[in-house]
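Asks: Sharing a model prediction with you, sequence too.
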Amino acid sequence: MPSIISQIIAFYRIKKLVMGIIIETGVIGLIVGMSNVLPYPHWLILALAVECLVPLMYVRKWTIQYNQAVKSKRE
């Protein structure tokens, strides 16, 4: 759960909070779906990877875009 909180804070800081919440909701839905389909240890391992990596990819992508936009405004 702390990972979700820190990711939401990151989305807020780069001004992508709504998209971040949509992504987090989709990830949670995917995890619930995996838990219903896969046996116990397999869905948990996959869920941890998905829960960390998918939002992290978007935070990184949007942070780079945000930093470039801020940098171009300064120049």
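Replies: Now that the structure is in, tell me what you want to look at. Numbers count the residues shown, from 1 in each chain.
Asks: Run the chain-centre distance for the helix or strand hosting Leu48.
Replies: Per DSSP states H and E: Leu48 is located in helix 40-74. When distances are taken as Cα atoms, centre = their mean, to the nearest Å, helix 40-74 is centred 5 Å away from the chain's centroid.
Asks: Just give me the residue right at the centre of this structure.
Replies: With distances taken as Cα atoms, centre = their mean, the residue of the chain nearest its centroid is Pro55 (1.7 Å).
Asks: Enumerate every residue touching it.
Replies: Listed by Cβ atoms under 8 Å, 6 or more residues apart in numbering, the contact set of Pro55 reads Gln7, Phe11, Gly20, Ile23, Glu24, Val27. For glycine as for every other residue, the C-beta is placed from the backbone atoms N, C-alpha and C.
Asks: For the second one, which non-adjacent residue is spatially closest?
Replies: Once its chain neighbours are removed from consideration, Phe11 has its nearest residue in Gly20; the separation is 2.7 Å (Cβ to Cβ, 6 or more residues apart in numbering).
Asks: Verify the contact between the one you found and Gln7 for me.
Replies: Yes - checked against Cβ atoms under 8 Å, the pair Gly20 and Gln7 is within contact range at 6.7 Å.
Asks: That'll do, ta.
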